[in-house]
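Predicted model and sequence follow; I will ask about them next.
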Amino acid sequence: MTEQTPPETAPATESHDPAVPAAYAAFMRTGWGDRELDLPPHPITPWAAARRARLAAMFPGERLVLPAGTYKVRANDTDYRFRADTAHAYLTGNQTSDAVLVLHDDEAVLYARPRSSRETDEFFRDRQYGELWAGRRPSVHELSSSLGIEVRHVDRLADDLTRGGAPKTRVHRGIDASVDRLVAGDASLDADLARVVSELRLVKDAWEVEELRAACDATTLGFEDCVREWPQVLTYGERWIEGTFFRRARTMGNDIGYDSIVGGGRHATTLHWIDNDGPVVPGDLLLLDMGVEGHNLYTADVTRTLPVSGRFTPLQRDLYELVLAAQEAGIEAVRPGAPFQGTHQAAMSVLAHGLEDLGLLPVSAEEALSPDSRVYARWTLHGTSHMLGMDVHDCGAASTDVYPKGDLAEGMVLTVEPGLYFQEDDLLVPEELRGIGIRIEDDILVGADGPVNLSAALPRAADDVEAWMGAHTG
């Protein structure tokens with residue numbers, strides 16, 4: 001494969017950068033050795049090739065354009081850490097920025113931005129792409145050899161897309177504005193492509209299941225790390241747990257799969273509490289909703305609610321076991337051919353009857369469960385499940401008739417995460433309940449014979465949670 005050096009463009013610099021004299025620039029372009037990056041064959045290669053073939057077959061004769069995305073500015077010359085678009089990574093394994101996958105029947109080409117030539121200023125001056133600023137990017141040859149796909153320089157993309165006689169083209173839009181501008185948009189065609197690439201990911205192949213299992217295993221270790229550091233947790237509060245878990249995520253994976261939720265006491269009643277700046281107080285409950293994103297971008301999503309003192313009070317235990325019973329009912333409903341929403345309905349039935357037993361419902365549990373009522377949801381708030389995969393809320397562009405209104409199929413992976421939340425200013429509940437939030441969440445594979453809990457290594461039963469905490473804090 002021939003490396004092509006595009007015309008030199010001005011490197012991305014800042015106004016406060018010092019001037020570069022011609023003598024310095026000329027000197028920097030000389031005297032460099034050459035070396036190849038060690039990029040072994042990617043294990044995703046056969047799986048990604050099969051996915052591309054399946055997608056292309058659904059749009060015969062058409063051209064499909066799926067960008068990886070580019071950098072997003074955080075402030076001035078500082079960018080957020082790059083994370084490739086999910087659909088692009090799913091179909092290629094590529095995680096470099098500014099790349100674009102183009103499919104046309106049995107032809108698949110990855111247009112990529114490789115490292116710059118040493119005969120340009122980019123490698124030592126450019127803050128986004130320069131090797132001396134941002135690290136060594138793979139070459140066209142290295143990417144092609146690793147990913148098992150034809151790779152061309154991204155500077156060829158515009159010409160290839162606009163060449164005369166181009167077939168009907170669909171673009172996965174909203175990922176890279178520069179790519180969106182190359183092809184006139186057709187909202188219906190492009191939305192249909194987004195739908196299809198989302199639905200393709202609903203059923204996980206064997207490789208994906210193992211990636212999710214590994215993410216769950218790393219997440220279990222992250223929870224254990226946090227409990228082992230309980231003295232520091234009690235001293236420094238929620239921030240310590242956030243930082244401790246992040247260390248595990250970066251050690252064993254790519255990142256956290258989403259902002260960690262570390263809710264001590266009343267913070268546990270805020271569903272997406274990510275400020276994580278409060279204390280962790282003995283006697284309270286601590287809700288931890290955290291997940292490791294693996295190196296290939298598959299993420300876990302696990303929640304445990306822990307007694308800060310190491311043991312539940314009788315009231316806390318009663319409420320915890322009610323949520324656990326709801327989760328068990330939801331997990332039991334995860335079976336091939338069962339409705340996706342049946343998991344939620346099973347869990348909510350348990351919680352509604354529990355709330356009735358507590359004397360909190362203004363009507364009977366059965367009346368509250370009616371779609372015309374749902375008054376029980378004052379204390380449950382959210383859905384019980386969502387699809388899980390490369391995104392924590394996976395497959396979001398799928399047709400609603402398929403997800404969430406469709407049925408479960410073998411190979412799908414979803415969360416089961418019921419909760420009870422009693423706000424600190426809720427005057428309709430007894431004072432002793434106010435400020436208590438409990439959620440239990442696991443990642444469930446739809447197996448041929450029923451549910452498979454990928455995060456089962458992290459204990460859930462109240463006695464087991466107490467014993468686990470004692471083993472790691474003692």
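Nice, I can see it.

Now that L322 has come up, it's in contact with A352, right?
No: counting by CB atoms under 8 Å, L322 sits too far from A352 to count as a contact (10.7 Å). Glycine gets a C-beta too; all of them are placed from N, C-alpha and C.

Return the residues in contact with G185.
Counting by CB atoms under 8 Å, 6 or more residues apart in numbering, G185 touches 171, 173.

same thing but at 7 Å, please
Applying CB atoms under 7 Å, 6 or more residues apart in numbering to G185 gives the contacts R173.

what does A457 give?
With contacts defined as CB under 7 Å, 6+ apart, the neighbours of A457 are 217, 220.

I'd assumed E328 was in contact with P418.
No: using CB atoms under 7 Å, P418 makes no contact with E328, being 9.7 Å away.

Neighbour count: L322 and A352, which is higher?
Comparing L322 with A352 by other CB atoms under 10 Å, the one with more neighbours is A352, at 26 against 20.

Give me the pLDDT for that one.
The model reports A352 with a pLDDT of 98.

That one: helix or strand, and which one exactly?
According to DSSP states H and E, A352 maps onto helix 340-357.

Run the chain-centre distance for that helix.
Mean C-alpha position of helix 340-357 versus that of the full chain (CA atoms, centre = their mean, to the nearest Å) differs by 27 Å.

Would you tell me which helix is longest in the chain?
Determined from DSSP state H, the single longest helix within the chain is helix 206-228.

Outside of it itself, list whatever touches it.
With contact meaning CB under 7 Å, 6+ apart, helix 206-228 is reached by 44, 47, 204, 233, 241, 244-245, 248-249, 252-253, 288, 290-294, 296, 298-300, 302, 304, 389, 413, 443, 445, 454-455, 457-458, 469, 472-473.

Could you do stretch 234-248 as well?
Under the contact criterion CB under 7 Å, 6+ apart, stretch 234-248 has outside partners 218, 221-222, 225-226, 229, 232-233, 256, 260, 262, 264, 276-280, 288, 290, 292.

Among those residues, which ones are in strands?
Judged by DSSP state E, the subset of the contacts of stretch 234-248 located in strands is 256, 262, 264, 288, 290, 292.

what sits against P138?
37, 39, 96, 114-115 are the contacts of P138 under CB under 7 Å, 6+ apart.

separation between it and L360?
Using CB to CB, to the nearest Å, P138 is found at 59 Å from L360.

Also H382?
From H382 to L360 the distance is 18 Å (CB to CB).

quick one: low-confidence ranges for the protein?
1-16, 164-165 (pLDDT under 70).

Residues contacting stretch 403-412, please?
Applying CB under 7 Å, 6+ apart, the external contacts of stretch 403-412 come out as 202-204, 334-341, 387, 395, 446-448.

What ranges does the stretch 101-250 of the chain have for its helices?
122-125, 131-134, 140-147, 157-162, 177-180, 187-200, 206-228, 230-236, 238-252 (DSSP state H, counting those that start in this stretch).

Find the nearest non-adjacent residue to R137, please.
Nearest non-adjacent residue to R137, counting by CB to CB, 6 or more residues apart in numbering: R115, 4.0 Å away.

Pretty sure the one you found sits against W133.
No: the pair R115 / W133 is not scored as a contact, 11.9 Å apart, by CB under 7 Å.

of these two, who's got more company?
R115 (20 against 17).

rewinding a little: nearest to A57, out of the helices of the stretch 101-250 of the chain?
Closest approach to A57 among the helices of the stretch 101-250 of the chain is made by helix 187-200 (10.9 Å; CB to CB).

buried residues in the closest one?
Of the residues in helix 187-200, 190, 192-194, 196-200 count as buried by neighbour count, 16 or more other CB atoms under 10 Å.

Next: stretch 233-246.
Under the neighbour-count criterion of 16+ other CB under 10 Å, stretch 233-246 has 233, 237-246 buried.

now stretch 216-229
Neighbour-count burial for stretch 216-229 [16+ other CB under 10 Å]: 216-227, 229.

Near L360, how many other residues are there?
When neighbours are defined as other CB under 10 Å, L360 has 19 of them.

OK, contacts around it?
Taking CB under 7 Å, 6+ apart, we find L360 in contact with 428-429.

Name the SS class of it, please.
coil (DSSP: H, G, I helix; E, B strand; the rest coil).
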